[in-house]
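Undergrad: Need a 3D model of the sequence below.
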Amino acid sequence: MSAESSRTDNDKDGELTNLLDLRMPGDTGAVSEVTDTVCATLTELNIPEEKRMEIALAVQEALANAVVHGCKNDRSKQVRCRLERDRRGRIVIIVTDPGCGFRVEDISDPKRPEGLNADHGRGVYLIRQLMDEVHFENGGNQIRMWKY
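TA: Next comes the predicted model:
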């Protein structure tokens, strides 16, 4: 995992401060290290524990999806995870993978009868439940998740 930090960007919601910019190999074994690093930064920011836990689970799901679907479990490919904060203190996590993306409308609803016993397919649903705002960008190979 490699990291960069302390960069400022402009976004539609105002100025964002980049707190973390991590890159990890397309390997599920790297997910926990990046998630732990995000959590440690959120702790330093005095984010309440409940919000930290919700963000951590959403990050874990987004990274796992990026590794499995975007990188096809190929360690030579990289996933990027950024943690930013706006002037109002809102947290945004951006996870980007090198994959071809997907169409959000093609994701099946895990609450439908055929999805109840499936062994996968709940990550995007869970992310949407945990975060306050979720956007899929760049054809689906980037997810931007906000926590207020």
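Undergrad: The longest strand anywhere in the chain pairs with which strands?
TA: In terms of residue count, the longest strand belonging to the chain (DSSP state E) is strand 14-25. Strands flanking strand 14-25 in the sheet, each with its direction: strand 2-4 (antiparallel), strand 7-11 (antiparallel), strand 78-86 (antiparallel) (DSSP bridges).
Undergrad: Run through who's touching the last one.
TA: It refers to strand 78-86. 9, 11, 13-26, 30, 34, 38, 41-42, 45, 59, 62-63, 66-67, 70-71, 91-98 (Cβ atoms under 8 Å, 6 or more residues apart in numbering). In this view, the C-beta of every residue, glycine as well, is placed from N, C-alpha and C.
Undergrad: In PyMOL, select just the buried ones from these.
TA: Only the buried members of the contacts of strand 78-86 enter the following PyMOL selection, criterion being 16 or more other Cβ atoms under 10 Å:
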select buried, resi 16+18+19+20+21+22+23+24+25+26+30+34+38+41+42+59+62+63+66+67+70+71+91+92+93+94+95+96+97+98
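Undergrad: Which helix or strand in this structure has the lowest average pLDDT?
TA: The helix or strand of the chain with the lowest confidence, counting by mean pLDDT, DSSP states H and E, is strand 7-11 at a mean of 42.
Undergrad: Please compute how far the following helix or strand past the longest strand of the chain lies from its chain's middle.
TA: Next along the chain after strand 14-25, taking DSSP states H and E as the criterion, comes helix 31-44. Computed by Cα atoms, centre = their mean, to the nearest Å, the separation of helix 31-44 from the middle of its chain amounts to 12 Å.
Undergrad: And helix 31-44, what's buried?
TA: Buried residues in helix 31-44, counting neighbours by 16+ other Cβ under 10 Å, are found at 31, 34-35, 37-39, 41-42.
Undergrad: What's the mean pLDDT across the longest helix belonging to the chain?
TA: When the chain is scanned for its longest helix (criterion: DSSP state H), the result is helix 49-65. Across helix 49-65, pLDDT averages out at 97.
Undergrad: begin at 371 from here
TA: All right, first residue 371 from here; so that's helix 419-435.
Undergrad: Just list what it packs against, helices and strands only.
TA: Of the remaining helices and strands, those touching helix 419-435 by 3 or more Cβ pairs under 8 Å, 6 or more residues apart in numbering; DSSP states H and E are helix 401-414, strand 448-456, strand 461-466, helix 493-500, strand 512-517.
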